[in-house]
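Enquirer: quick one, fold the following:
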Amino acid sequence: MRSRLSSEDVQLAEEYLEQFYHLKLSGGSRRKRHTPAMEEKLKEMQQFFGLGDSGLLDPQTLAIMKQARCGIPDVENVSLYPGQPRWKNRTITYRIAKYTSDLTRKEVETAFRLAFKLWSDAAPLKFVRANHGEADIVITFTRKAHGDFFPFDGPKGVLAHAFEPGEDIGGDVHFDDDELWTVGRRQSGYDLFTVAAHELGHSLGLSHSKDPSALMFPKYKFLNSVKYKLSEDDILGIQTLYGKPTKTDDKLLISKKCDPNFSLDAVAVVGEEILFFKNSYLWLRTTWKSYWNKLREGPISKFLPSIISPVDAAYDLPAKGATYIFTGPKYWVVQTLGTKGYYGSIYDYGFPVSLRKIDAAVHINKYNKTYFFTGYEYYRCCSSLQRI
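Expert: Residues are numbered from 1 along each chain as shown. Down below sits the predicted model:
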């Protein structure tokens, strides 16, 4: 070590390497500025973060140690070793047992819903929130020592930690409530979606990644919940555990359209055609009655070339001869079947950036108002967007 290092720097390094790289120091070796064990663990940490392997506690290494991060060690593979646990069921329940006072309950629930969606989009997993009782993953905001032998360290430093899949505490996620939790990028505090998405990777069985672009990289780096997509490294990891997401078989969908439990994603009118949407498929028929007016069907892209994603919601404005179709954070304006429409962002309407999709929409001609439904809330448009 260099002589200009303070005793606080050395103590920080020792505690960091003990917590995240399993450094073991006896009482006599503590406070010494150079031990073979500490040099070995410094090299291991430097290799993980791409800092070389000098084994010296240099300013660059210290800077990494002082950054906010996940509380899971970097040297353990949580699940990818043979025999390590992963969830046997593909439908996983979760419950938010204790909320933070920094955000509203709705903001907390939305952050977790979006974080879970990142993983369910990449693997055949379904996440269901339970309001009470038992759940596979229990989420808690807590402080300092909280009963799991991994006490939090106060503001900054460790932000959260999670446990690998299993019984009892397995899969649970704990967030340090001494931190300031936010939604979106702020001058101070940490974005809940960013940290939750990472920790849930651990809850599903993933270890830390050495790839700085990966969600499972241990250091905190703000992620835009609207735009962020999992890296290839993250996708490979989750699909190694659970496989690739299953696709709906449109042929099977067609055969079951008369099933009493069959449901539709959206319905809208384009011109003189009524469109019924389900996943990447649609059915349509004209609005005028005729013996020859038979139901037609096919992939959405066959009739609406611009749209290749499943439709979440749709509504039409007869006065303008336009139909608005919503797919995730985008909307499309269509006037004629078979032609490409133009698209925009749902945030053009004034929706909060925490919102990722519209569940349903309807326009009331009599009052010239459009209502958008999402979760347990609805919004009214369009002189100005009003949240109800």
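Enquirer: burial check on Asp265, number of neighbours?
Expert: 18 (other C-beta atoms under 10 Å). C-beta here means a position set from N, CA and C on the backbone, and glycine is covered the same way.
Enquirer: same question but for Ser345, I mixed them up
Expert: Counted with other C-beta under 10 Å, Ser345 comes out at 11.
Enquirer: now the one 3 residues further on
Expert: Asp348 is flanked by 8 other residues according to other C-beta under 10 Å.
Enquirer: now do Ile307
Expert: 22.
Enquirer: tally of neighbours for Gln47?
Expert: For Gln47, using other C-beta under 10 Å, the count is 12.
Enquirer: which strands and helices lie in contact with whichever helix or strand it is part of?
Expert: Element membership of Gln47, judged by DSSP states H and E, is helix 36-48. Helices and strands touching helix 36-48, as assessed by 3 or more C-beta pairs under 8 Å, 6 or more residues apart in numbering; DSSP states H and E, comprise helix 7-21, helix 59-65.
Enquirer: centre of the chain versus the last one, how much separation?
Expert: On the basis of C-alpha atoms, centre = their mean, to the nearest Å, helix 59-65 is displaced by 29 Å from the centre of the chain it belongs to.
Enquirer: residues in contact with it: which ones?
Expert: 9, 12-13, 16, 42, 45-46, 49, 51, 219 (C-beta atoms under 8 Å, 6 or more residues apart in numbering).
Enquirer: thought Arg143 was touching Asp176?
Expert: Yes: proximity of Arg143 to Asp176 meets the contact threshold set by C-beta atoms under 8 Å, at 6.7 Å.
Enquirer: and the helix holding Gln47, which residues are buried?
Expert: For helix 36-48, a neighbour-count test (16 or more other C-beta atoms under 10 Å) marks 38-39, 41-46, 48 as buried.
Enquirer: same check, this time on stretch 303-314
Expert: 303-304, 306-307, 310-314.
Enquirer: where is the longest strand in this protein?
Expert: strand 91-98 (DSSP state E).
Enquirer: that strand packs against which elements?
Expert: Strand 91-98 packs on helix 105-122, strand 126-129, strand 137-142, going by 3+ C-beta pairs under 8 Å, 6+ apart.
Enquirer: residues contacting Ile364?
Expert: 370-371.
Enquirer: likewise Phe152?
Expert: Here Phe152 is in contact with 71, 142-144, 146, 158, 174, 176, 178 (C-beta under 8 Å, 6+ apart).
Enquirer: from the residues you listed, which land in strands?
Expert: Using DSSP E, the contacts of Phe152 in strands are 142, 158, 174, 176.
Enquirer: out of those residues, which is nearest to Leu114?
Expert: Comparing these against Leu114 with C-beta to C-beta places His174 closest, at 19.6 Å.
Enquirer: surely that closest one and Pro151 touch.
Expert: No: the criterion here is C-beta under 8 Å, and His174 misses it with Pro151 at 10.2 Å.
Enquirer: between those two, who's got more neighbours?
Expert: Between His174 and Pro151, counted using other C-beta under 10 Å, His174 has the larger neighbour count: 25 against 15.
Enquirer: can you tell me which of the contacts of Phe152 are buried?
Expert: Members of the contacts of Phe152 classed as buried by 16+ other C-beta under 10 Å are 71, 142, 146, 158, 174, 176, 178.
Enquirer: looking at the residues you listed, which is nearest Leu284?
Expert: His174 (50.3 Å).
Enquirer: tell me how far that closest one lies from Asn279.
Expert: Distance check for His174 against Asn279: by C-beta to C-beta, to the nearest Å, it reads 37 Å.
Enquirer: immediately after the worst-scoring helix or strand of the chain on mean pLDDT, which helix or strand?
Expert: Across the helices and strands of the chain, mean confidence by mean pLDDT, DSSP states H and E is lowest for helix 250-255: a mean of 51. Once the chain leaves helix 250-255, the next helix or strand it forms, by DSSP H and E, is strand 266-270.
Enquirer: the helix or strand that that next one is followed by: partners in the sheet, and parallel or antiparallel?
Expert: Helices and strands here follow DSSP H and E; after strand 266-270, the next one along the chain is strand 273-278. Applying DSSP bridges, strand 273-278 is found paired with strand 266-270 (antiparallel), strand 281-286 (antiparallel).
Enquirer: could those go into TSV alongside mean neighbour count and mean pLDDT?
Expert: Converted to TSV, these look like this (neighbours: other C-beta atoms under 10 Å; pLDDT from 0 to 100):
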stretch	mean neighbour count	mean pLDDT
strand 266-270	20	89
strand 281-286	19	86
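Enquirer: could you export these as a markdown table, including distance to Arg356?
Expert: As requested, the strands paired with strand 273-278 are exported to a markdown table (distance: least, C-beta to C-beta, whole Å):
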| stretch | distance to Arg356 |
| --- | --- |
| strand 266-270 | 16 |
| strand 281-286 | 22 |
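Enquirer: do you know how far Lys330 is from Ala360?
Expert: Remark: distance between Lys330 and Ala360 (C-beta to C-beta) = 16 Å.
Enquirer: what does stretch 137-144 contact?
Expert: Identification of contacts with stretch 137-144 by C-beta under 8 Å, 6+ apart yields 92-100, 112, 146, 151-152, 154, 171-178, 181, 200, 203.
Enquirer: how far away from the center of its chain is that stretch?
Expert: 18 Å.
Enquirer: let's see it as CSV, backbone CA atoms only.
Expert: C-alpha atoms of stretch 137-144 as CSV (Å, rounded to 0.1, in the frame of the first residue of the first chain):
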residue,chain,number,x,y,z
ILE,A,137,-40.8,-13.1,-3.0
VAL,A,138,-41.4,-10.8,-0.1
ILE,A,139,-40.2,-7.2,-0.5
THR,A,140,-39.4,-5.0,2.5
PHE,A,141,-37.9,-1.5,3.1
THR,A,142,-36.0,-1.6,6.3
ARG,A,143,-32.9,-0.2,8.2
LYS,A,144,-29.7,-1.3,9.9
